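Peer 1: sequence-free structure coming up:
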C-alpha cells in the first residue's frame with residue numbers, strides 16, 4: 001500500500017487527484033439535478 005511515496009504535497013502530473021475528481025463530480029451532479037428540477041418546473 002505504497003501509493004504516496006514521499007512527496008505527498010506535490011501532485012504527480014500523470015495522476016488526477018481524487019479530491020479534484022470528487023469536486024467535479026459533485027458540481028456536475030448538482031448542475032444535472034438543477035436542470036432536472038428546472039425542466040420539471042417549466
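Peer 2: In hand now; what should we look at? Since we're looking at a predicted model, the values are computed, not measured. Residues are numbered from 1 along each chain as shown.
Peer 1: model confidence over the helix or strand containing residue 40, on average?
Peer 2: Element membership of residue 40, judged by DSSP states H and E, is helix 18-41. Per-residue pLDDT values over helix 18-41 give a mean of 94.
Peer 1: In that helix, which residues are buried?
Peer 2: By neighbour count with 16 or more other Cβ atoms under 10 Å, helix 18-41 contains no buried residues. Backbone N, C-alpha and C define where each C-beta goes, glycine included.
Peer 1: In terms of secondary structure, what does it contact?
Peer 2: When contacts are defined as 3 or more Cβ pairs under 8 Å, 6 or more residues apart in numbering; DSSP states H and E, helix 18-41 sits against none of the other helices and strands.
Peer 1: which residues are contacting that helix?
Peer 2: The set of residues external to helix 18-41 that reach it, using Cβ atoms under 8 Å, 6 or more residues apart in numbering, is empty.
Peer 1: how much space is there between residue 35 and residue 17?
Peer 2: 27 Å (Cβ to Cβ, to the nearest Å).
Peer 1: same thing with residue 37?
Peer 2: Note on residue 37: its distance to residue 17, by Cβ to Cβ, is 30 Å.
Peer 1: What of residue 33?
Peer 2: 24 Å.
Peer 1: for residue 36, same thing?
Peer 2: Noted for residue 36: a distance of 29 Å to residue 17, by Cβ to Cβ.
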